[in-house]
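*Asks:* Provide a 3D model corresponding to the input given below.
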Amino acid sequence: MRFMVIVKASAESEAGVMPSKEMLEAMGRFNEELIKAGVLLGGDGLQSSAKGARLTFEGGKVRVTDGPFAETKELVAGYWLVQMKSKEEAIQWFSRCPPPHNGGRGEIEIRQVFEATDFAPEASPEMIAREQAFRDAHEGKVTK
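*Replies:* Below is the predicted model:
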């Protein structure tokens with residue numbers, strides 16, 4: 001099973017406050033553990049929403065809203081994409097993660113990623129095969 005592990009933004013991350021040296025070192029050690037265990041598929045920190053945009057689709061039109069966005073608690077500051085045997089295993093791993101923000105605090109959310117077969121029977125076998133081929137071609141490329 002694949003899981004997206006989401007680091008929720010904080011007022012500091014949205015203000016562009018960079019992690020401390022100690023935080024970067026601790027996170028680097030944690031990422032190395034994930035790599036050595038062969039479970040990390042990808043992950044990165046994200047710039048503040050001030051450098052982003054939000055697209056809203058409604059009535060066949062697209063509305064673009066430039067950041068920053070007001071609700072910090074609803075924003076993402078970073079993510080990992082991991083391969084785990086279960087949600088419980090993901091919880092075990094990320095319970096050992098350094099707190100994601102300066103000051104030893106933060107919030108991480110763990111969400112299971114859909115697999116191609118989860119879309120059956122609405123998706124045709126051809127659509128599922130195409131999606132699986134795409135995933136297979138990109139699987140295992142570690143970015144951190």
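*Asks:* What lies in contact with stretch 56-64?
*Replies:* Residues outside stretch 56-64 that contact it (C-beta atoms under 8 Å, 6 or more residues apart in numbering): A53, R54, L55, T65. Using the backbone N, CA and C atoms, a C-beta is placed for each residue, glycine as well.
*Asks:* Now the residue positioned nearest the centre of the chain: which helix or strand?
*Replies:* Most central in the chain under C-alpha atoms, centre = their mean is Y79, positioned 2.7 Å from the mean C-alpha point. Element membership for Y79 (DSSP states H and E) is strand 76-83.
*Asks:* Alpha carbons of that strand, as PDB, please.
*Replies:* C-alpha atoms of strand 76-83 as PDB (Å, rounded to 0.1, in the frame of the first residue of the first chain):
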ATOM      1  CA  VAL A  76       0.500  21.500   3.200                       C
ATOM      2  CA  ALA A  77       4.100  22.300   4.100                       C
ATOM      3  CA  GLY A  78       5.600  19.000   2.800                       C
ATOM      4  CA  TYR A  79       5.000  15.400   2.100                       C
ATOM      5  CA  TRP A  80       6.400  11.900   1.800                       C
ATOM      6  CA  LEU A  81       5.200   9.200  -0.500                       C
ATOM      7  CA  VAL A  82       5.900   5.800   1.100                       C
ATOM      8  CA  GLN A  83       5.200   2.100   0.500                       C
END
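*Asks:* and after the longest helix along the chain, which helix or strand comes next?
*Replies:* The residue-count maximum for a helix in the chain (DSSP state H) belongs to helix 21-36. The first helix or strand that comes after helix 21-36 along the chain, using DSSP H and E, is strand 40-45.
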